[in-house]
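>>> Just to be clear, the model below is a prediction. Sequence and coordinates:
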Amino acid sequence: MASEAFFRQQIAGAGFPGGEPQGLHAVLAALRAGERFLVSAHARPDGDAIGSMLAMGMILSQMGKQVDLVSCDGLPLIYHGLPCARQIQRCSDIRGDYDAVILLECDCIERSRLKGMGDRMLINIDHHLSGRPFAAVNWIDPKACAVAEMVYRLALAARVKITPEMATCLYVAVLTDTGSFCYDGTNEHTFALASDLVRHGAKPSAIAQQVYFSNPASKMMLLGAALSNLRRDGRMAWLWVTHSDMLRTQAAEEDCEGVVNYAIGIAGIEAAVFLRELTNRRVRLSLRSKGRVNVARLAEEFGGGGHQHAAGCTLEGPLPVATTLVLEKLRSELQTRA
């Protein structure tokens, strides 16, 4: 119970100058006032977005609310087995009457790629450094290890039951968004949260098997193509795949997840990038850093965002031009922090 007690103290305001950020209480008040909600997250949802969406849906259901979960993109295969995953509907246009739309991990409405927002009441819950207060109700906490931590605190504040299903979804979110507890910012409170989720029924071994050891063969073939292009220059490394590589290996977009980690995992490398050529000749980037470079700030320059050590963005192609541009930026950053 010690870990849960710590987070309940946070909700009560202990340890915060001026108390708990008002965002949590504003979100809770909005949830109590409404009856019908829609919950979504950013396009190309990752583990934190999916796990937090599912847990938020469970919270609202326990509060007696009507809730729809939507995503403009499908779920990666490794998350299909999460409790209630089938409740997430794939759509691009919001229809129907909702008292509020809850957006998770979005620094702007456009990040969700959902149409039909119009003049709807928006609730924004985010933990990225690039988070912006674009909604009527905003709760942004860059100190949270994942949006899942914020959803967990919301569940405690709402006094709903942390079921094994909810704990499983939140644990997956925390596990993946901390890079298996490897990213900077992981601390004793992160492990306290993980411990409490296990106490409530999350099964670490089974979750790790599903998330890390259930990859399709296409992902391994794509990884082989990327590693054949691996390059290094001093303290930075990069690798890439072309659109033809994606077609040849029959890889899906989700198969690109984690490829950049093989570059940042090289000894002596401080910053790494994985580039993927898209069908429209644009190039999607995944950036990683071991601390010297704030890749979130770099990604923001290109219209993206993320964390200090893990971020992403999309550049205009062709691939060689995008590669040169991002490498020049990384090289400049590393020289500045030599």
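Nice, thanks for sending it over. Quick caveat: nothing in here was measured; it's all calculated off a predicted structure. Numbering: from 1, shown residues only.
>>> In contact with residue 225: list those residues for me.
241, 245, 248, 249 (C-beta atoms under 8 Å, 6 or more residues apart in numbering). Where you see a C-beta, it was placed from the backbone N, CA and C, and this is true even at glycine.
>>> Max pairwise distance over those: which two?
241 and 248 (9.6 Å; C-beta to C-beta).
>>> The two - which one has more neighbours?
residue 241 (25 against 13; other C-beta atoms under 10 Å).
>>> what are the phi and psi angles of the more buried one?
phi -140, psi 150 (degrees, to the nearest 10).
>>> Surely it touches residue 278?
No - contact criterion C-beta atoms under 8 Å: residue 241 and residue 278 do not qualify, at 10.8 Å.
>>> Which residue is the nearest non-sequential neighbour of residue 51?
Spatial nearest neighbour of residue 51, excluding adjacent residues (C-beta to C-beta, 6 or more residues apart in numbering): residue 173 at 3.1 Å.
>>> name the element the most centrally placed residue in the chain belongs to?
The residue lying closest to the centre of the chain (C-alpha atoms, centre = their mean) is residue 48, at 4.5 Å. Per DSSP states H and E, residue 48 falls inside helix 47-62.
>>> swap in residue 288?
Using DSSP H and E, the element containing residue 288 is strand 283-289.
>>> what's downstream of that strand, the next helix or strand?
Past strand 283-289, the next helix or strand by DSSP H and E is helix 295-301.
>>> now the helices: where do they sit in this structure?
Assigned by DSSP state H, the helices in the chain fall at 2-12, 22-33, 47-62, 147-158, 164-177, 188-199, 204-212, 217-228, 243-249, 261-264, 295-301, 319-336.
>>> just checking, what packs against the second one?
In terms of contact count using 3 or more C-beta pairs under 8 Å, 6 or more residues apart in numbering; DSSP states H and E, helix 22-33 is assigned the packing partners strand 122-126, strand 137-140, helix 147-158.
>>> same for the last one, what does it pack against?
Right, the one you point to is helix 147-158. Packed against helix 147-158 by the contact rule (3+ C-beta pairs under 8 Å, 6+ apart) you find helix 2-12, helix 22-33, helix 47-62, strand 122-126, helix 164-177, helix 188-199.
>>> Need the ones you listed in TSV (columns: distance to residue 292).
As requested, the helices and strands packed on helix 147-158 are exported to TSV (distance: least, C-beta to C-beta, whole Å):
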stretch	distance to residue 292
helix 2-12	31
helix 22-33	31
helix 47-62	25
strand 122-126	25
helix 164-177	22
helix 188-199	22
